[in-house]
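Asks: My questions are about this predicted structure, shown below with the sequence.
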Amino acid sequence: MKKIDKSKLEDLWGRLAAEQDLFLPVQQDSVVNFALWQEGSRVNLEAVNSLLPPKDLLFPQSEKIFSYKRREGELSFEEAPGSGPQVIFGIRPCDVRSIELLDPVFFKEPADTFYKNRREQTTLVSIGCLEPDTTCFCTAFGIQPLDAEGADVMLYDMGTAYLVSPRTEKGEKLAEEMGELLEEAAGAEEEGLQQQQEAAASAQEHGLDLDGVFEKLNDMFDHCIWEKFYRRCLACGTCTYLCPTCHCFDIQDDGSPEEGQRFRCWDSCMYEDYTHMGHGHNPRPGRRERVRNRFMHKLNYFPKDHDGVYHCVGCGRCVQKCPVNLDIMQVIEEIGKEGVGGEGHDR
Amino acid sequence: MTANPILPRRAVVEKILQDTPDTKRFFVTLKDGEPFNHKPLQCAMLSVPPVGEALFSITSSPTRPEYLEFAVKEVGTVTKHLHYEVQEGTEIGIRGPYGNGFPIDVIRGKDLLFIGGGIGLAPLRSLINYCFDTRKDYSKIQIIYGARTPEDLSFKEEIFENWPKEDARLNLTVDVESPGWEEFVGFVPTYLEHLAPTPEGVIAVTCGPPIMIRFVLQGLEKLGFQPEQIITTLELKMKCGVGKCGRCNIGEKYVCQDGPVFSLAELNGMIPEF
């Protein structure tokens, strides 16, 4: 296996940034978020999770779809231009999995051309997590904290250097760009990796068991459990905006009758008007229905259509930032305690 | 790069007719001259920048391709703009068709019973005219249609002039007694119960206000219709129309792609959130 000494990272980033947009976790005040690399960026590869997931780089929070013009009555549309190649460097395995969960949504025919175009030109360089955050529970979803299956290049932190493991054609190409910055790793370092992996896999202490949760939820639409959870919810939408797998969006126009643009922007299923129809009917009129829908989507609706794969990656962002501590881990735990077809089905 | 599915095509509103006091009919053609290729009970997203876009069922039959026709009731911002700002000759955007459309193969050779209420006749009309244009493929056709008052009945020249000439039984009703009205008076589900059609070999297709649909479904079951014989079309708020923006879900189904047409058998297997 190859490795790259940490002292050579600045050189590496300069080289990668010359060929494409390079995004990596950058510290600004007390916050770490993915940002475009520039010389002098305060890169922080130690922070386990960025405040926001890098989802925005594939599915921007706000994105122009087209501009329109009306001239002498003639209406014309001009599609927004596509974007170029990019590298997301330092993405954690949970966030890599989240992209693998967005792929089937946006790739499903008719495919979303904006997402597809970006995704096909994106190279994911993932860094394994040696130490979990207190709210990490990715292992509950079968994610290896030190190994992202969907990464193009996997980096393993060995102290003074990263072991570099290209996984895909895109990854090989990137390793070529790294060129002489890479050197052969010693056998001892590769052996150390094995131990690291075992330690990382058992470092999370959530004790969550997802087994049977999906199946139980098939019968829990009318369960009183939702009663308990929704009352706390403020409908602020924080969970949905921080979630790396949430993909809901709104479409709006901005402009005059003569010219302007149509854009899409993230939306939240926690909001009342998300499903409120023009003539007044709302199939999810209250927080109870909306909170239920969000958890059901993550833990039952999505898996139903995707071979039982949950639509949550255990990144812990919503757990950390929910102002009323409505904790998905607790929700999973409570569902796990319920017997299939047991009590509590009548509200 | 493949075509962007949420980019509209350019279209022109060629003709506008006032249909009922709160509903107008819009006759649309595409500027690119390419066909729209819709099936009965599919929908299209109409764009009126800078107000936005909204989804409407296509009320014209694919067998009558001269215009794509929409019956629009004024309820929200886009429909208000269509009613008061859009004129004959105004250019708009259109994208689609969206949705599964009607499973034509299921009804070939069958007796058909259409049950509509108010503006709910608009999606059904696409299929009704399709069936009249391919009449030999079907056995008996019966249409039960009602609205609040006689003037609220949609597509009057069809229900009073064209359809009575077709090989079909037409039953009209209004909710309350009205001067000059000689047909049935009562809600659509009540009329259905009164007419009591027999279920053998019949497929029933219904669309109307949610409350009407609910009682029609109950009424049909009471008459002995099996859930597989009952088909309806749903409406939920939609933005993208291509199964991605999330809001039109009923459980794992997205109405914009998996619907809007569902049999009662399918609905019975879905969560009751619509």
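Replies: In hand now; what should we look at? Source: prediction; values computed, not measured. Numbering: from 1, shown residues only, chains lettered A, B, ... in the order given.

Asks: ok, for residue A:266, nearest residue in space, not its chain neighbours?
Replies: Leaving out its chain neighbours, the residue that sits closest to residue A:266 by Cβ to Cβ, 6 or more residues apart in numbering or on different chains is residue A:61, at 5.1 Å. (Glycine included, C-beta is placed from N, CA and C.)

Asks: Extract the CA atoms of stretch B:194-207 and return them as CSV.
Replies: Taking C-alpha atoms only, stretch B:194-207 is exported to CSV below (Å, rounded to 0.1, in the frame of the first residue of the first chain):
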residue,chain,number,x,y,z
HIS,B,194,-80.3,4.9,-5.9
LEU,B,195,-79.1,3.7,-9.4
ALA,B,196,-77.5,0.6,-7.8
PRO,B,197,-75.5,-0.6,-10.7
THR,B,198,-74.6,-4.3,-10.6
PRO,B,199,-70.9,-5.1,-10.2
GLU,B,200,-70.6,-8.1,-12.6
GLY,B,201,-67.9,-7.5,-15.3
VAL,B,202,-67.8,-3.8,-14.4
ILE,B,203,-64.8,-1.5,-13.7
ALA,B,204,-65.7,1.6,-11.7
VAL,B,205,-63.5,4.7,-12.1
THR,B,206,-64.1,7.6,-9.8
CYS,B,207,-62.8,11.1,-9.2
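
Asks: Counting neighbours, which bits of that stretch end up buried?
Replies: B:195, B:197, B:199, B:202-207 (16 or more other Cβ atoms under 10 Å in any protein chain shown).

Asks: domains for the chain, by residue range?
Replies: In the absence of a named chain, this looks at chain A. Domains of chain A are assigned by automatic domain parsing as A:2-202, A:213-337.

Asks: Please refer instead to chain B.
Replies: Using automatic domain parsing, chain B is parsed into the domains B:9-98, B:104-233.

Asks: Let me have the ones you listed in a markdown table, adding distance to chain A and mean pLDDT as columns.
Replies: Shown next, in a markdown table, are the domains of chain B (distance: least, Cβ to the nearest Cβ, whole Å; pLDDT from 0 to 100):
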| stretch | distance to chain A | mean pLDDT |
| --- | --- | --- |
| domain B:9-98 | 3 | 97 |
| domain B:104-233 | 6 | 96 |
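
Asks: I'd like the ones you listed as TSV, with distance to residue A:176 appended.
Replies: Formatted as TSV, the domains of chain B follow (distance: least, Cβ to Cβ, whole Å):
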stretch	distance to residue A:176
domain B:9-98	42
domain B:104-233	54
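
Asks: Looking at the ones you listed, which is nearest to residue A:293?
Replies: Comparison of the domains of chain B against residue A:293 by Cβ to Cβ identifies domain B:104-233 as nearest, at 18.7 Å.

Asks: Give me the distance from the closest one to the chain's centre.
Replies: The chain centre lies 11 Å from the centre of domain B:104-233; the measure is Cα atoms, centre = their mean, to the nearest Å.

Asks: In stretch A:244-260, which residues are buried?
Replies: Residues of stretch A:244-260 classed as buried: A:244-253, A:260 (neighbour count, 16+ other Cβ under 10 Å).

Asks: That stretch: end-to-end distance?
Replies: End-to-end distance of stretch A:244-260 (Cα to Cα, to the nearest Å): 30 Å.

Asks: hmm, it touching chain B?
Replies: Yes: using Cβ under 8 Å from any Cβ of the partner chain, stretch A:244-260 reaches chain B at A:247-257, A:260.

Asks: got TSV for these, with pLDDT and secondary structure too?
Replies: Output for those, formatted as TSV (pLDDT from 0 to 100; DSSP: H, G, I helix; E, B strand; the rest coil):
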residue	pLDDT	secondary structure
A:247	97	coil
A:248	97	coil
A:249	98	strand
A:250	97	strand
A:251	97	strand
A:252	97	strand
A:253	97	strand
A:254	98	strand
A:255	97	strand
A:256	97	coil
A:257	95	coil
A:260	98	strand
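
Asks: Of those residues, which is the nearest to residue B:57?
Replies: Taking Cβ to Cβ as the measure, residue B:57 lies nearest residue A:251 of these, at 19.3 Å.

Asks: need the longest strand for chain B.
Replies: For chain B, the strand with the greatest residue count under DSSP state E is strand B:9-20.

Asks: List the strands paired with that strand, with their directions.
Replies: strand B:23-30 (antiparallel), strand B:91-98 (antiparallel) (DSSP bridges).

Asks: Local confidence estimate at residue A:200?
Replies: At residue A:200, the pLDDT value in this model is 82.

Asks: ok, so what distance separates it from residue A:125?
Replies: Residue A:200 sits 18 Å away from residue A:125, taking Cβ to Cβ, to the nearest Å as the criterion.

Asks: Helices of the stretch 1-150 of chain B, start to end?
Replies: Assigned by DSSP state H, counting those that start in this stretch, the stretch 1-150 of chain B shows helices spanning B:77-84, B:104-107, B:121-133.

Asks: Please identify the residues of the stretch 101-250 of chain A in proximity to chain B?
Replies: So the stretch 101-250 of chain A meets chain B at A:105-106, A:108, A:110-114, A:117, A:221, A:247-250 (Cβ under 8 Å from any Cβ).

Asks: can you pull out the strands in the stretch 101-250 of chain B?
Replies: Under the criterion DSSP state E, counting those that start in this stretch, strands of the stretch 101-250 of chain B are mapped to B:111-117, B:141-147, B:169-174, B:184-185, B:202-207, B:230-233, B:249-250.

Asks: will you turn the ones you listed into TSV that also has distance to residue A:130?
Replies: Below are those laid out as TSV (distance: least, Cβ to Cβ, whole Å):
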stretch	distance to residue A:130
strand B:111-117	64
strand B:141-147	69
strand B:169-174	73
strand B:184-185	76
strand B:202-207	59
strand B:230-233	55
strand B:249-250	38
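
Asks: Can you tell me which of these is nearest to residue A:170?
Replies: For these, proximity to residue A:170 was assessed by Cβ to Cβ; strand B:249-250 is nearest, at 32.9 Å.

Asks: quick revisit: compare residue A:200 and residue A:125 (neighbour count), which wins?
Replies: residue A:125 (26 against 21; other Cβ atoms under 10 Å in any protein chain shown).

Asks: What sits closest to residue B:225 if chain neighbours are left out?
Replies: residue B:199 is the one closest to residue B:225 (Cβ to Cβ, 6+ apart), at 4.4 Å.

Asks: what sits against the one you found?
Replies: B:220, B:223-226, B:229 (Cβ atoms under 8 Å, 6 or more residues apart in numbering or on different chains).

Asks: which of the residues you listed has the most neighbours?
Replies: The residue in those with the most neighbours, by other Cβ under 10 Å, is residue B:220 (26 neighbours).

Asks: That residue contacts residue B:193, doesn't it?
Replies: No: applying Cβ atoms under 8 Å, one finds residue B:220 not in contact with residue B:193, separated by 9.9 Å.

Asks: about what we covered before: out of the residues of the stretch 101-250 of chain A next to chain B, the closest to residue A:79 would be?
Replies: residue A:113 (8.7 Å).

Asks: Run a quick neighbour tally on the closest one.
Replies: 19.

Asks: Kindly report the same for residue A:192.
Replies: Close neighbours of residue A:192, defined as other Cβ under 10 Å, add up to 16.

Asks: Relative to residue A:225, how far out is the closest residue in space to it that isn't next to it in sequence?
Replies: With Cβ to Cβ, 6+ apart as the criterion, residue A:192 has its nearest non-adjacent residue at 6.4 Å, and that residue is residue A:158. From residue A:158 across to residue A:225, the span is 45 Å (Cβ to Cβ).

Asks: from the chain's centre, how far out does the worst-scoring helix or strand of chain A on mean pLDDT sit?
Replies: In chain A, no helix or strand scores lower on mean pLDDT, DSSP states H and E than helix A:187-201, which sits at a mean of 81. Distance, stretch centre to chain centre, for helix A:187-201: 26 Å (Cα atoms, centre = their mean).
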